[in-house]
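K.L.:
No sequence on hand, only this structure:
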């Protein structure tokens, strides 16, 4: 069974930093692309960052240069380092594994989410 344990969320002031962690089990971690989605209040959920099985990274434009996604395959863990946080980064952040078969991330496996709140 695919499972994730997320941690590292919390409340910070604008300009602060947080590091999210997501430790996975139930599959061969190094074989899969991983990502972080976020959902602010409202219907939309966006893919913030992703990292391929071989370490290539992608970011949504609003976090480029501020957030860094990384992975440690020996620890089955993906990280999201968030610097220079802004109030608009406030959201629930979800760790996501790509689905089997190469579909989009949103059809993959999701963690339980961790709240990030940034105050001005």
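P.N.:
Nice, I can see it. Since we're looking at a predicted model, the values are computed, not measured.

K.L.:
And stretch 42-55, what's buried?
P.N.:
By 16 or more other CB atoms under 10 Å, the buried positions in stretch 42-55 come out as 45, 47, 48, 49, 50, 51. For glycine as for every other residue, the C-beta is placed from the backbone atoms N, C-alpha and C.

K.L.:
mean confidence for it?
P.N.:
The average pLDDT within stretch 42-55 is 93.

K.L.:
what's the closest of the buried residues of stretch 42-55 to residue 32?
P.N.:
Of all the buried residues of stretch 42-55, residue 32 sits closest to residue 51, with 10.0 Å by CB to CB.

K.L.:
So what sits opposite that closest one in the bridge?
P.N.:
residue 34, residue 57 (DSSP bridges).

K.L.:
List the residues that contact it.
P.N.:
33, 34, 35, 57, 58, 69, 70, 71, 78 (CB atoms under 8 Å, 6 or more residues apart in numbering).

K.L.:
Enumerate the strands of the protein by residue range, in sequence order.
P.N.:
3-7, 10-13, 18-25, 34-39, 45-51, 57-59, 67-72, 77-82, 91-97, 109-110, 114-119 (DSSP state E).
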